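Visitor: mind folding the following:
(2 chains)
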Protein chains: 2
Amino acid sequence: MTITVYGFGMSGNCWKVATILRLTGRAFSWIETDSNAGQTRTPEFLALNPNAKVPAVVLEDGTVITESGAILLHFAESTPWLPAPGLARTRVLEWLFFEQYSHEPAIAVARNIITYLKQKPAQAERLRQCWERGAQALDVMERRLAAHDFLTDAGPTVADVALVAYTQAADEGEFDLARWPGVRAWVARVLALPGFTPLPKPA
Amino acid sequence: MTITVYGFGMSGNCWKVATILRLTGRAFSWIETDSNAGQTRTPEFLALNPNAKVPAVVLEDGTVITESGAILLHFAESTPWLPAPGLARTRVLEWLFFEQYSHEPAIAVARNIITYLKQKPAQAERLRQCWERGAQALDVMERRLAAHDFLTDAGPTVADVALVAYTQAADEGEFDLARWPGVRAWVARVLALPGFTPLPKPA
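Guide: Residues are numbered from 1 along each chain as shown, chains lettered A, B, ... in the order given. Prediction:
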């Protein structure tokens, strides 16, 4: 039995998982699971992940692992995508938690509301908050990326995988990366690395 | 020079940092920094953490580390509070990311709105969302804790430190832990371990 990923093709969180599996040379199958259509709330899916979220990964022995940040770290352990314990690893971890707390809830949510749920007028106030918080997150990234090639001094790591996931699609949430030129150049730099396939554009 | 923690005494995220430092026997000094009063937005603080958030830790050599999840992992490395790499560690990481994405933004935010900002009527809609999301997070925890002493099979770890931080104060966000008896018993169990000091109650 091979690794199985329950994922939603438009989801940056799920894209992270496919990307680290490709980068570390692991075969996997993909079961498309549309969270916008309720497919993470079925009894079958809740048995895999009671938190009703993709991605969920089923390992060769049937063990299920969840949370994109934890999945990235699981598969990156002992590879060049995750430095050894110590300050270099801690820098990667800082960015992974930053992504889930300060970046994704603004930039991914704006994208989903505008481009996939198509609720821009109905969710105007929530979008305003997403744009404010998302701009702050991009400002934090720009401070680093204006003068560095990657998010940490360890070269490309899972920090770059995690942050590029939704930053590459920030325009779909109406963030104009022209305001953050270091971030924009970094997106292109990361996506040009071997093994990266961009997140699909909406149909 | 000793370790310096910039923290806000009522913040569970900052409490996590003080707790892991005590649990691993490190001396530290504490600089009280009230994020509700704008003290994380001063030029001096932004030089420490451009993301304008506590906790921020200054190590003995002046290096700054941020993000409570990353700080927990940094200090827990090579101690009993963090299992070695592999599935046992991944289980801890799953809970740390769950806490920052699915738990804290609901349970900590409800507590801050009601008990510290005192904006319950003005933020009624946001509170409704916090209560819904927070109840789901507590449901996920209850599935584990109804039949287990700690969040992972590795005994008490930084996963328990991270999740107990705001769960211990869930009542201040008007969550009644009587609905989640396994969670309630686990809070008491964790706080009774040597080295734990409960989060202060509001004045």
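
Visitor: where in chain A is pLDDT low?
Guide: Within chain A, the set of residues satisfying pLDDT under 70 is empty.

Visitor: what's the first helix or strand after the lengthiest helix in it?
Guide: Identified as the longest helix of chain A according to DSSP state H is helix A:124-145. Past helix A:124-145, heading to the C-terminal end, the next element that is a helix or strand (DSSP states H and E) is helix A:158-167.

Visitor: contacts for that next one, please.
Guide: Taking C-beta atoms under 8 Å, 6 or more residues apart in numbering or on different chains as the criterion, the residues outside helix A:158-167 that touch it are A:12-13, A:15-16, A:19-20, A:23, A:68-69, A:72-73, A:76, A:81-82, A:91-92, A:95-96, A:98-99, A:103-104, A:107-108, A:111, A:138, A:141, A:150-152, A:177, A:183, A:186-187, A:190-191, A:199. Every C-beta, even on glycine, is put in place using the N, C-alpha and C of the backbone.

Visitor: how about a cut-off of 6 Å?
Guide: Identification of contacts with helix A:158-167 by C-beta atoms under 6 Å, 6 or more residues apart in numbering or on different chains yields A:12, A:15-16, A:19, A:72, A:76, A:81-82, A:92, A:95-96, A:99, A:104, A:107-108, A:150-152, A:187, A:190.

Visitor: restricted to helices, list these.
Guide: Per DSSP H, helices hold the following members of the contacts of helix A:158-167: A:12, A:15-16, A:19, A:72, A:76, A:92, A:95-96, A:104, A:107-108, A:187, A:190.

Visitor: hmm, back to that, does chain B sit close to the longest helix of chain A?
Guide: Yes - Helix A:124-145 comes into contact with chain B (C-beta under 6 Å from any C-beta of the partner chain), by way of A:140, A:143.

Visitor: confirm that A:V57 sits in a strand.
Guide: Yes - secondary structure assignment places A:V57 in a strand (DSSP: H, G, I helix; E, B strand; the rest coil).

Visitor: ok, for A:G195, nearest residue in space, not its chain neighbours?
Guide: When the adjacent residues along the chain are set aside, A:G195 lies closest to A:L23, with 4.6 Å between them (C-beta to C-beta, 6 or more residues apart in numbering or on different chains).

Visitor: burial check on the one you found, number of neighbours?
Guide: Under the neighbour criterion other C-beta atoms under 10 Å in any protein chain shown, A:L23 is assigned a count of 21.

Visitor: distance check, it against A:T79.
Guide: 8 Å (C-beta to C-beta, to the nearest Å).

Visitor: also A:C14?
Guide: Spatial separation of A:C14 from A:T79 under the definition C-beta to C-beta is 20 Å.

Visitor: which one's more surrounded, these two?
Guide: For the pair A:C14 and A:T79, the greater number of neighbours falls to A:C14 (27 against 13), based on other C-beta under 10 Å.

Visitor: list the contacts of that one.
Guide: By C-beta under 6 Å, 6+ apart, the contact set of A:C14 is A:7-8, A:54-55.

Visitor: swap the cut-off to 10 Å and go again
Guide: Contact criterion C-beta atoms under 10 Å, 6 or more residues apart in numbering or on different chains gives A:5-8, A:30, A:32-33, A:35, A:53-57, A:68, A:71, A:165, A:199 as the residues in contact with A:C14.

Visitor: on that earlier part again, give me the subset of the ones in helices among the contacts of helix A:158-167 that also touch chain B.
Guide: Subset of those in contact with chain B: A:72, A:92, A:95-96, A:104, counting by C-beta under 10 Å from any C-beta of the partner chain.

Visitor: got a markdown table for these, with neighbour count too?
Guide: Formatted as a markdown table, these follow (neighbours: other C-beta atoms under 10 Å in any protein chain shown):
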| residue | neighbour count |
| --- | --- |
| A:L72 | 29 |
| A:V92 | 23 |
| A:W95 | 24 |
| A:L96 | 30 |
| A:E104 | 22 |
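
Visitor: against A:D139, how distant is A:V54?
Guide: A:V54 sits 29 Å away from A:D139, taking C-beta to C-beta as the criterion.

Visitor: quick one: which of those two has more around it?
Guide: A:V54 (25 against 14).

Visitor: what's the neighbour count on the nearest residue to A:I114 once chain neighbours are set aside?
Guide: Spatially, and ignoring its direct neighbours in sequence, A:I114 is nearest to A:K120 (5.1 Å; C-beta to C-beta, 6+ apart). Look at A:K120: counted by other C-beta under 10 Å, it has 13 neighbours.

Visitor: A:K120 falls within a strand, correct?
Guide: No - under the criterion used here (three-state DSSP), A:K120 is coil, not part of a strand.

Visitor: mind listing what it touches?
Guide: Each residue near A:K120 by C-beta under 10 Å, 6+ apart is listed here: A:110, A:113-114, A:127, A:174.

Visitor: what do you get for A:G155?
Guide: Counting by C-beta under 10 Å, 6+ apart, A:G155 touches A:80-81, A:83, A:149.

Visitor: do the same with A:A27
Guide: Shown here is A:A27, whose contacts under the criterion C-beta under 10 Å, 6+ apart are A:2-3, A:21.

Visitor: do the same with A:D149
Guide: When contacts are counted by C-beta under 10 Å, 6+ apart, A:D149 touches A:155-156, A:160, A:182, A:185-186, A:189-190.
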